[in-house]
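K.L.:
build the 3D model from these lines:
(2 chains)
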There are 2 protein chains.
Amino acid sequence: MAAYEPFQLSAGVAMKRTPQVQHADGLPSKVSIYEVGPRDGLQNESAIVPVEVKAHFVRRLVAAGLQSVEVTSFVHPQWVPQLADAEQLIDALDLTMAPRMPVLVPNVRGLDRALSKNLHDIAIFASATESFAQRNLNRSLDEQFTMFEPVVAGARRRGLWVRAYLSMCFGDPWEGDVSVAQVVKMARRLLDLGCDELSLGDTIGVATPGHVEALLTELFAAGTASGQVAVHFHDTYGQALANALTAMRLGVTTIDSSAGGLGGCPYAESATGNLATEDLVWQLQGLGIQTGVDLEALVATSVWMAEQIGKPTVSRVVSALAG
Amino acid sequence: MAAYEPFQLSAGVAMKRTPQVQHADGLPSKVSIYEVGPRDGLQNESAIVPVEVKAHFVRRLVAAGLQSVEVTSFVHPQWVPQLADAEQLIDALDLTMAPRMPVLVPNVRGLDRALSKNLHDIAIFASATESFAQRNLNRSLDEQFTMFEPVVAGARRRGLWVRAYLSMCFGDPWEGDVSVAQVVKMARRLLDLGCDELSLGDTIGVATPGHVEALLTELFAAGTASGQVAVHFHDTYGQALANALTAMRLGVTTIDSSAGGLGGCPYAESATGNLATEDLVWQLQGLGIQTGVDLEALVATSVWMAEQIGKPTVSRVVSALAG
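P.N.:
Numbers count the residues shown, from 1 in each chain, chains lettered A, B, ... in the order given. Next up, the predicted model:
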């Protein structure tokens, strides 16, 4: 990948660097992007990134205008060696630099570590399917709630903001199809524990717009407010942005993405996993939806990060703008 | 790229090979995919593909269920050496094997060549902007209509079906933004010549859904029927499927795409140009929209074609399923 040059010419013609703005009816005027690159992204890359590089990455993301950046995870280093430096990274950062800088905590031990670092925001990671609960958490679907209950209760007692990820919401590599009713039930159980935000994860990227519409419609009919819900789409089958557009039409205003599309697909060898933040920002800019993100600064950050991990970006926008 | 295996396991887990079907309100029940891989795709790849390989490619596309396949172009070999074998390819094919097998004709000489081969369908290629008309056709915007008028009139007199491409509808690498009013004016001029179908091209891939909505709304308000309109999105910035979804919501039922995403971006060095047919088919299958396409057969075709041109596919779905 060539170094980033703001006004680079390709084949003698300048790439268009911003979309033409055209609002569409029925969409929000503002969307919060929840950046997962430093945690979900780097967790799923094979490269082990030095802690100073991670700290610089987080600072550049915040400087590019991202207001919610998930920093790292307190999962055991045996399972995720990529994030074994969680405490050092937190020590290297000023976690008040952005409004939301959560750390993933898998259990009460993780919560204790978060509390010892005076964090303000945490995230927990649940499964919508029995198979993935067993394989990822070594617990049944019910047992995961037994594990999360004291985490959420403890966090809330201390005034922490709590996000819950619900994974495999649109399909599961072991079970295949996953029913909307099953996902709504698990989603409600997480929200009823007291979580502030629920992120619906298409962990293997198989969702299409009708499925997104069906799940959100059922979830809202079950008494969930759109402001409590975030969407986390993977681009494994190229569907993430069409799904995000569909979610916005239904009132969702928080969308997860990963700078440069960092992360790959954790359950298959496809190169593409997380929706790239740049591709999302391009769509939102074109729609005149405010994000606060400086696209050029973000692209430059992802180009730099791709050099650090020695792997080209999967983001279409980064490829187009950085050539 | 590994050889294609229908039930390949990746990292010990099977990729989900079909999306969960969930219809959405306000979308068509059936969509015609207009396959541009053999012409627009191969025209923009650097590899020169032997004519027998091209013929086999077209036959496999038709066997996979595609009913409209643009075969080649009668443009001068000096400009597009990749398609210098147009006549030989047509001789090698039975052009009644699919309902629509158009050939691009740039001018009356091209029409004469089409007529000498007894073709039933042709396509012409126009520009929505002055800059691109000058650079691609060496003509002004007005002069291109002078060139096309006898082509369309001659084709219609002989009962040929005529498609008109209108390029740079959402942005132009020299002019930047392109106004909706300008595009509607050029679109109407092409339809008023007597073209049967108009394909609105986002040649540099910069469109976003609000822009698509604005253009289609204006075009329909100007008296155009949705059945006359096709959309041709490029995935250069990752926006093609969200744009296609938007077009379908507005009544469009013909969508252009290229098997495996063949073609790159003709006006920049980005790897990604044409929307990949497989990515489109995944979305349509998930939405329960009929296409008649066998996705597994199509993926196998694109994997084979990628080997022929010695370049990995840019299709997310092909990457996911053929790993």
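K.L.:
residues in contact with residue A:21?
P.N.:
A:285-288, B:210 (C-beta atoms under 8 Å, 6 or more residues apart in numbering or on different chains). Placement of C-beta: from N, CA and C, glycine included.
K.L.:
if we go to 7 Å?
P.N.:
Going by C-beta atoms under 7 Å, 6 or more residues apart in numbering or on different chains, residue A:21 touches A:285-286, A:288.
K.L.:
now those as CSV including distance to residue A:223, pLDDT and neighbour count?
P.N.:
Shown next, in CSV, are the contacts of residue A:21 (distance: C-beta to C-beta, whole Å; pLDDT from 0 to 100; neighbours: other C-beta atoms under 10 Å in any protein chain shown):
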residue, distance to residue A:223, pLDDT, neighbour count
A:285, 34, 98, 18
A:286, 34, 98, 27
A:288, 31, 98, 15
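K.L.:
out of these, who's nearest chain B?
P.N.:
Among these, residue A:286 lies closest to chain B (C-beta to the nearest C-beta), at 2.5 Å.
K.L.:
and for the closest one, nearest residue in space, chain neighbours not counted?
P.N.:
residue B:208 (2.5 Å; C-beta to C-beta, 6 or more residues apart in numbering or on different chains).
K.L.:
does that neighbour touch residue A:289 like I think?
P.N.:
No. Between residue B:208 and residue A:289 no contact is recorded; they are 9.8 Å apart, counting by C-beta atoms under 7 Å.
K.L.:
anything in contact with each of those two?
P.N.:
Overlap of the contact sets of residue B:208 and residue A:289 (by C-beta under 7 Å, 6+ apart) is empty.
K.L.:
re earlier: any idea how many residues pack against the residue nearest to residue A:286?
P.N.:
29 (other C-beta atoms under 10 Å in any protein chain shown).
K.L.:
got it, and residue A:260?
P.N.:
31.
K.L.:
same thing with residue A:78?
P.N.:
7.
K.L.:
tell me the pLDDT of it.
P.N.:
Here, the pLDDT recorded for residue A:78 equals 87.
K.L.:
that one belongs to a helix?
P.N.:
No. Per DSSP: H, G, I helix; E, B strand; the rest coil, residue A:78 lies outside any helix segment and is coil.
K.L.:
buried set for stretch A:176-184?
P.N.:
A:178, A:180, A:182-184 (16 or more other C-beta atoms under 10 Å in any protein chain shown).
K.L.:
meant to ask about stretch A:109-118
P.N.:
A:110-111, A:113-114.
K.L.:
over to stretch A:149-157?
P.N.:
Per 16+ other C-beta under 10 Å, stretch A:149-157 contains these buried residues: A:151-152, A:154-155.
K.L.:
can you list the neighbours in contact with it?
P.N.:
A:105, A:107-108, A:111, A:122, A:124, A:162, A:193-195.
K.L.:
pull out the buried members of those.
P.N.:
A:105, A:107, A:111, A:122, A:124, A:162, A:193, A:195.
K.L.:
would JSON lines of the residues you listed with distance to chain B, pLDDT and secondary structure be doable?
P.N.:
Formatted as JSON lines, the buried ones among the contacts of stretch A:149-157 follow (distance: C-beta to the nearest C-beta, whole Å; pLDDT from 0 to 100; DSSP: H, G, I helix; E, B strand; the rest coil):
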{"residue": "A:105", "distance to chain B": "26", "pLDDT": "97", "secondary structure": "coil"}
{"residue": "A:107", "distance to chain B": "25", "pLDDT": "95", "secondary structure": "coil"}
{"residue": "A:111", "distance to chain B": "30", "pLDDT": "97", "secondary structure": "helix"}
{"residue": "A:122", "distance to chain B": "29", "pLDDT": "98", "secondary structure": "strand"}
{"residue": "A:124", "distance to chain B": "23", "pLDDT": "98", "secondary structure": "strand"}
{"residue": "A:162", "distance to chain B": "29", "pLDDT": "98", "secondary structure": "strand"}
{"residue": "A:193", "distance to chain B": "27", "pLDDT": "98", "secondary structure": "helix"}
{"residue": "A:195", "distance to chain B": "26", "pLDDT": "98", "secondary structure": "coil"}
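K.L.:
which two of those residues have the greatest separation?
P.N.:
A:107 and A:195 (15.2 Å; C-beta to C-beta).
K.L.:
including distance to residue B:305, could the buried ones among the contacts of stretch A:149-157 go into a markdown table?
P.N.:
A markdown table is the format used below for these (distance: C-beta to C-beta, whole Å):
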| residue | distance to residue B:305 |
| --- | --- |
| A:105 | 47 |
| A:107 | 49 |
| A:111 | 52 |
| A:122 | 48 |
| A:124 | 45 |
| A:162 | 49 |
| A:193 | 51 |
| A:195 | 47 |
